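Enquirer: next come a sequence and a model predicted from it.
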Amino acid sequence: MGGAVERVLAAALAGSVRPVVLIDGGSGSGKSTLATALVAAWPGAVSLVRLDDVYPGWDGLAAASEHVREHTLTGRHPRWRRWDWQAERPGEWHDLDPALPLIVEGCGSLSRANRALATLGVWLELDAAERRRRALARDGDLYAPYWERWAIQERRFAEREHPRELADVVLAGGFTGAAE
């Protein structure tokens, strides 16, 4: 297990009965990779919500952030609703076990309102050129036409919510999972 995963895991487990971890950063910074590594290293069962499954279309960053607060982090019956990208409409609901630790990863997860309901905020910092290179290498032609449209939402979210400042752990250089 790499140093970044150990660092986040130790911070998540420090003093919390049911840790709730929010992993945020720009597209291509390694949020999904870190979340996958964290789930694999977690000592026991843990729930994972990926905002890529929640965003209601290419203009849905703010709506997904609010969805996390309203449905995933509050109430007795935490859940999330999948967005059906093919049909371009909401899909089915997924219930979460309120007793299990929770990891939410995706741009928009680390808002002020969401951070107040979580035990740990993680920010992945990586320059825009490298993030773009990594994201387009990952998703290619599917994502390329939407890169700037999405980047505008990321910038607006960062200007409004200041997720880096809300983070307990900042991983400069993003996360690749390679010997970190």
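Expert: In hand now; what should we look at?
Enquirer: switch to C-alpha atoms for all contacts and neighbour counts from now on
Expert: OK.
Enquirer: quick one: contacts for residue 22?
Expert: 103, 104, 105, 109, 110, 115, 118, 120, 121, 122 (CA atoms under 8 Å, 6 or more residues apart in numbering).
Enquirer: next, count neighbours for residue 138.
Expert: Residues lying near residue 138 (other CA atoms under 10 Å) number 12.
Enquirer: now the helix or strand hosting it: how far from the chain's centre is it?
Expert: Using DSSP states H and E, residue 138 maps to helix 128-139. Centroid separation for helix 128-139 versus its chain: 17 Å, with CA atoms, centre = their mean, to the nearest Å.
Enquirer: give me the contact list for it.
Expert: By CA under 8 Å, 6+ apart, the residues outside helix 128-139 that reach it are 26, 27, 28, 29, 143, 144, 147.
Enquirer: Throw those into CSV and include distance to residue 7, thanks.
Expert: CSV is the format used below for those (distance: CA to CA, whole Å):
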residue, distance to residue 7
26, 20
27, 22
28, 21
29, 17
143, 31
144, 33
147, 31
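Enquirer: only whichever of those residues are buried, select them in ChimeraX.
Expert: Those of the contacts of helix 128-139 that count as buried under 16 or more other CA atoms under 10 Å are selected in ChimeraX with:
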select :26,27,28,29
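Enquirer: what is the most widely separated pair among the contacts of helix 128-139?
Expert: Greatest spacing in the contacts of helix 128-139, by CA to CA: 29 and 144 (16.0 Å).
Enquirer: just the CA atoms of the lowest-mean-pLDDT helix or strand in the chain, as PDB, please.
Expert: Least confident element among the helices and strands of the chain, by mean pLDDT, DSSP states H and E: helix 128-139 (a mean of 86). What follows is helix 128-139 as a C-alpha-only set of coordinates in PDB (Å, rounded to 0.1, in the frame of the first residue of the first chain):
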ATOM      1  CA  ALA A 128      -4.700  21.600 -15.600                       C
ATOM      2  CA  ALA A 129      -2.500  20.500 -18.500                       C
ATOM      3  CA  GLU A 130      -1.500  17.200 -16.800                       C
ATOM      4  CA  ARG A 131      -5.100  16.600 -15.700                       C
ATOM      5  CA  ARG A 132      -6.300  17.100 -19.200                       C
ATOM      6  CA  ARG A 133      -3.700  14.800 -20.600                       C
ATOM      7  CA  ARG A 134      -4.600  12.100 -18.100                       C
ATOM      8  CA  ALA A 135      -8.400  12.400 -18.500                       C
ATOM      9  CA  LEU A 136      -8.200  12.300 -22.300                       C
ATOM     10  CA  ALA A 137      -5.800   9.400 -22.300                       C
ATOM     11  CA  ARG A 138      -8.400   7.600 -20.100                       C
ATOM     12  CA  ASP A 139     -11.600   8.600 -21.900                       C
END
